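Novice: sequence and predicted structure, then a few things I'm wondering about:
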Amino acid sequence: FWIHFGEPGMAFPPEISDDARARYAAFFRRALAEGVYLPPSPYEVGFLSVAHSPDVLGDALARIERALA
C-alpha cells in the first residue's frame, strides 16, 4: 500500500509536492506516536503479511484513524 497526501498524477516516480511531503511527515510522526510504524518516506510503500491477523489490522486501522484525526 502507498499513502499519499497530494494530487494524483501519472508520473513515475511520483512527483510529491513540498506540502504533501510535510503532511506525510506529520502523519508519520502521529502514527508512530500511536504505535504504528509506517515507511518514513512518502516515496516508500508498506506491505501486509499473512502474519497480520484481522485483530492486529483492526487495531492498526483504529490507531491510523486517530493519527489522521
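Specialist: Looks like it arrived, so ask away.

Novice: mind checking how far residue 30 is from residue 17?
Specialist: Distance of residue 30 to residue 17, computed by C-beta to C-beta, to the nearest Å: 20 Å. (Glycine included, C-beta is placed from N, CA and C.)

Novice: the more surrounded of the two?
Specialist: Between residue 30 and residue 17, residue 30 has the larger neighbour count (other C-beta atoms under 10 Å), namely 16 against 13.

Novice: hang on, that one packs against residue 67?
Specialist: Yes: with contact defined as C-beta atoms under 8 Å, residue 30 reaches residue 67; the gap is 3.9 Å.

Novice: export only the CA atoms of the host helix or strand of residue 19, formatted as PDB.
Specialist: Using DSSP states H and E, residue 19 maps to helix 18-33. Output of helix 18-33 as PDB, limited to C-alpha atoms (Å, rounded to 0.1, in the frame of the first residue of the first chain):
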ATOM      1  CA  ASP A  18       6.700  20.000  -0.600                       C
ATOM      2  CA  ASP A  19       3.300  20.400   1.100                       C
ATOM      3  CA  ALA A  20       2.400  16.700   0.600                       C
ATOM      4  CA  ARG A  21       5.900  15.700   2.000                       C
ATOM      5  CA  ALA A  22       5.300  17.900   5.000                       C
ATOM      6  CA  ARG A  23       1.800  16.500   5.600                       C
ATOM      7  CA  TYR A  24       3.100  12.900   5.300                       C
ATOM      8  CA  ALA A  25       5.900  13.700   7.800                       C
ATOM      9  CA  ALA A  26       3.400  15.000  10.300                       C
ATOM     10  CA  PHE A  27       1.200  11.900   9.800                       C
ATOM     11  CA  PHE A  28       4.100   9.600  10.100                       C
ATOM     12  CA  ARG A  29       5.100  11.100  13.500                       C
ATOM     13  CA  ARG A  30       1.400  10.900  14.700                       C
ATOM     14  CA  ALA A  31       1.100   7.300  13.600                       C
ATOM     15  CA  LEU A  32       4.400   6.500  15.300                       C
ATOM     16  CA  ALA A  33       3.100   8.100  18.500                       C
END
